[in-house]
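*Asks:* Coordinates for the following, if possible.
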Amino acid sequence: MSEFAEITPRQVDLIRRSFDSIWPVRGKLAALFYLRFFELAPDARPLFPKEMERQNLKLMDMIAAIVGAIENKELFRSILVHTGRDHARFGAKPQHFVAFGEALIWGLEQQFGAAFSPEHKDAWIRLYDAVKRNMIEGAAGR
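*Replies:* Next up is the predicted model:
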């Protein structure tokens, strides 16, 4: 699974430490994320409930699971392929996965401000690229 070859141990550490520091304000990050996501992919809005509080928690729990599984390739892939299949059943399209990544990185930048260094950004982009590839494969039934 070559997607992990691009994520260095240093990047894994940066991702984990930054995620741990954001956990106490995860609700704020989730709200920022969805605000941006729906701007980037307005056609995705009907796929979500009107009241987003529970969805915000689900998002952050999923990110926690991904970050927790980042070094377990089989678990990482299994989580994401399954999630991609579920999202496809709900109506998600490949372009939604792209917008999702853009919104996530934007939300992290907003939340961390200047502390979100180029090194942090690169680590999260590399992680999300692996997430996106696996979710799109799952959504396509592979």
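*Asks:* Tell me where the model's unsure across this protein.
*Replies:* Where the chain drops to pLDDT under 70, the residues are 1-5, 142.
*Asks:* what's the neighbour count on residue 38?
*Replies:* Number of residues near residue 38 (other CB atoms under 10 Å) recorded here: 16. Where C-beta positions appear, they are placed from N, C-alpha and C, glycine not excepted.
*Asks:* Longest helix in this structure, please.
*Replies:* Criterion DSSP state H: the longest helix present in the chain is helix 118-139.
*Asks:* Distance check, the closest residue to residue 40 other than its chain neighbours against residue 118.
*Replies:* Closest residue in space to residue 40, ignoring its immediate chain neighbours: residue 99 at 3.9 Å, by CB to CB, 6 or more residues apart in numbering. Remark: distance between residue 99 and residue 118 (CB to CB, to the nearest Å) = 22 Å.
*Asks:* coming back round to it: what does the longest helix of the chain rub up against?
*Replies:* Helix 118-139 has contacts (CB atoms under 8 Å, 6 or more residues apart in numbering) with 3-4, 6-7, 10-12, 14-15, 18, 66-67, 70, 76-77, 80-85, 87-88, 92, 94, 97-98, 100-101, 104-105, 108-109, 112.
*Asks:* Just the buried positions in that helix, please.
*Replies:* 120, 123-128, 130-136, 138-139 (16 or more other CB atoms under 10 Å).
*Asks:* before we move on, what about stretch 9-21?
*Replies:* 11, 12, 14, 15, 18, 19.
*Asks:* now those in a markdown table, with distance to residue 47?
*Replies:* Shown next, in a markdown table, are the buried residues of stretch 9-21 (distance: CB to CB, whole Å):
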| residue | distance to residue 47 |
| --- | --- |
| 11 | 31 |
| 12 | 31 |
| 14 | 31 |
| 15 | 27 |
| 18 | 28 |
| 19 | 25 |
